[in-house]
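Visitor: coords below, sequence missing:
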């Protein structure tokens, strides 16, 4: 039996990403977002939605570039902090002790301590309501070498990303493997 | 030290959702997607990206409606199967044994056995490359009563959604709580 909860932004699962930008004076900023996801395979693109009053909003429009930084479980405090205060008034990097490093392909800062970073060029922006959706073309993905397995691909147990539960405003880690994609349902094909 | 993996659609974490649609004859279809996420808080909107050859692609354009169904860990086989075959040739509901139930607000089927379903009206579509991004306005969220806690909100441990690891094409469950959002980073504010 289902119960109606009304029109709301409940989805499972939401990612937790940190958007890195520079302002016009080259000051780096970082902002946490969960309204985000891959939206195209070729060209590879990621979508992140922001509200207009955000400092990061103006930075993206001015620089036409941003990074999408994936925190690990070890950085849950810093990622949460980046969503609590505005870069207008605060130097979030100085307070958190994390290190902004200029991207090699775009004018946006990578968070050096985070295990995975996407360098993005602003490709489109769409006004959807209180949020504007920015579509970034992913020009490169940079990952910590320590997260790579023997086959050169990152391992979930080393990246250790986490998710956001919007129903209860809580973070959760990733659990056990449930099997291979494009495989575990193959027996149903008959 | 970071290693460059090139321009690719690597992100943590990807959701696993199943898109429900009707074709012009009222036959229900279900298709699994991970290029998806919330993209606006008001009006509440969800984005899902699909390729043109998909049966679901045409259904959404014709009906201007779709559902976003969240499978639980118990349905990982069925969700994987829904991504392996095309609804053009197959009655995926008949084969999987899952039950399509007509939405109450839109002309699209809910998957009755799945714990959470979003009923969506097509609000926009954006051509991004090989994928078209469909923006659905969420008109209602319906959840299984068995997933609700005493406070009337769904509990992660009862919904039991899972995620997709695109680096290794593998599914993972949700792990332990890492703390409250907008709270665990508060002490960094000083």
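Guide: Looks like it arrived, so ask away. Since the model is a prediction, treat every value here as computed from it, not as a measurement.
Visitor: Could you use CA atoms for every contact and neighbour count after this?
Guide: Will do.
Visitor: Point out the other helices and strands that the longest strand belonging to chain A packs with.
Guide: For chain A, the longest strand by residue count, based on DSSP state E, is strand A:131-144. Contact here means 3 or more Cα pairs under 8 Å, 6 or more residues apart in numbering or on different chains; DSSP states H and E; on that basis strand A:131-144 packs against strand A:45-51, strand A:116-127, strand B:2-4, strand B:36-41.
Visitor: Out of these, which is closest to residue A:9?
Guide: Of all the helices and strands packed on strand A:131-144, it is strand B:36-41 that lies closest to residue A:9, at 6.3 Å by Cα to Cα.
Visitor: Partner strands of the longest strand of chain A, with direction?
Guide: Applying DSSP bridges, strand A:131-144 is found paired with strand A:45-51 (antiparallel), strand A:116-127 (antiparallel), strand B:2-4 (antiparallel).
Visitor: Enumerate the positions of the last one that are buried.
Guide: Meaning strand B:2-4. Buried positions in strand B:2-4, judged by neighbour count with 16 or more other Cα atoms under 10 Å in any protein chain shown: residue B:2.
Visitor: Tell me where chain A has helices.
Guide: With DSSP state H as the criterion, chain A has helices at A:55-63, A:76-82, A:92-96, A:156-159.
Visitor: The longest one versus strand A:45-51: what angle between them?
Guide: Our comparison of helix A:55-63 with strand A:45-51, counting by axes from the mean of the first three to the mean of the last three Cα atoms, to 10 degrees, yields an angle of 130 degrees.
Visitor: Helix A:55-63 - contacts with which helices or strands?
Guide: strand A:17-22, strand A:28-33, strand A:45-51.
Visitor: Serialize the ones you listed to a markdown table and add fields for mean pLDDT and mean neighbour count.
Guide: Listed next are those as a markdown table, based on pLDDT from 0 to 100; neighbours: other Cα atoms under 10 Å in any protein chain shown:
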| stretch | mean pLDDT | mean neighbour count |
| --- | --- | --- |
| strand A:17-22 | 98 | 28 |
| strand A:28-33 | 96 | 25 |
| strand A:45-51 | 97 | 24 |
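Visitor: Show me the one of those that comes nearest residue B:122.
Guide: strand A:45-51 (17.9 Å).
Visitor: Show which residues not belonging to the closest one make contact with it.
Guide: A:33-40, A:56-57, A:130-138, B:9, B:39-40 (Cα atoms under 8 Å, 6 or more residues apart in numbering or on different chains).
Visitor: give me every residue that touches residue A:120.
Guide: Contact analysis of residue A:120 by Cα under 8 Å, 6+ apart lists A:65-68, A:106, A:136-140.
Visitor: circling back: just put the helices and strands packed on strand A:131-144 in CSV and tack on distance to residue A:163.
Guide: As requested, those are exported to CSV (distance: least, Cα to Cα, whole Å):
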stretch, distance to residue A:163
strand A:45-51, 15
strand A:116-127, 15
strand B:2-4, 23
strand B:36-41, 12
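Visitor: wait, which of those is closest to residue B:126?
Guide: Distance to residue B:126, taken as Cα to Cα, is lowest for strand A:116-127 among the helices and strands packed on strand A:131-144, at 9.0 Å.
Visitor: Just the residues contacting stretch A:85-104, thanks.
Guide: Contacts to stretch A:85-104, defined as Cα under 8 Å, 6+ apart, come from residues A:28-30, A:54-56, A:78, A:82, A:108-113, A:119, B:188-189.
Visitor: Give me the neighbour count for the nearest residue to residue A:139 once chain neighbours are set aside.
Guide: Nearest residue to residue A:139 in three dimensions, chain neighbours excluded: residue B:7, at 4.8 Å (Cα to Cα, 6 or more residues apart in numbering or on different chains). Residues within reach of residue B:7, counting by other Cα atoms under 10 Å in any protein chain shown, total 20.
Visitor: and what of residue A:27?
Guide: 15.
Visitor: quick one: contacts for it?
Guide: Here residue A:27 is in contact with no residue (Cα under 8 Å, 6+ apart).
Visitor: That one and chain B: what is the separation?
Guide: Distance of residue A:27 to chain B, computed by Cα to the nearest Cα, to the nearest Å: 19 Å.
Visitor: how close does that residue sit to residue A:71?
Guide: Residue A:27 sits 21 Å away from residue A:71, going by Cα to Cα, to the nearest Å.
Visitor: my guess is residue A:116 meets residue A:142, correct?
Guide: Yes: Residue A:116 lies in contact with residue A:142 (Cα atoms under 8 Å); the separation is 5.8 Å.
Visitor: more neighbours, these two?
Guide: Using other Cα under 10 Å, the more surrounded residue of residue A:116 and residue A:142 is residue A:116, with 29 against 21.
Visitor: Could you give the bridge partners of the more buried one?
Guide: Per DSSP bridges, the residues bridged to residue A:116 are residue A:70, residue A:143.
Visitor: Look up the pLDDT of it for me, please.
Guide: For residue A:116, the pLDDT comes out at 98.
Visitor: And for the one 3 residues further on?
Guide: Residue-level confidence at residue A:119 comes out at 98, pLDDT.
Visitor: Skipping adjacent residues, who's closest to it in space?
Guide: Closest to residue A:119 by Cα to Cα, 6+ apart is residue A:67, at 4.7 Å.
Visitor: what about that neighbour, how many neighbours?
Guide: By other Cα under 10 Å, the residues close to residue A:67 number 29.
Visitor: okay, now residue A:104: neighbour count?
Guide: Neighbour count of residue A:104, defined by other Cα under 10 Å: 12.
Visitor: swap in the one 3 residues further on?
Guide: Summarising burial for residue A:107: neighbours were counted as other Cα under 10 Å, giving 22.
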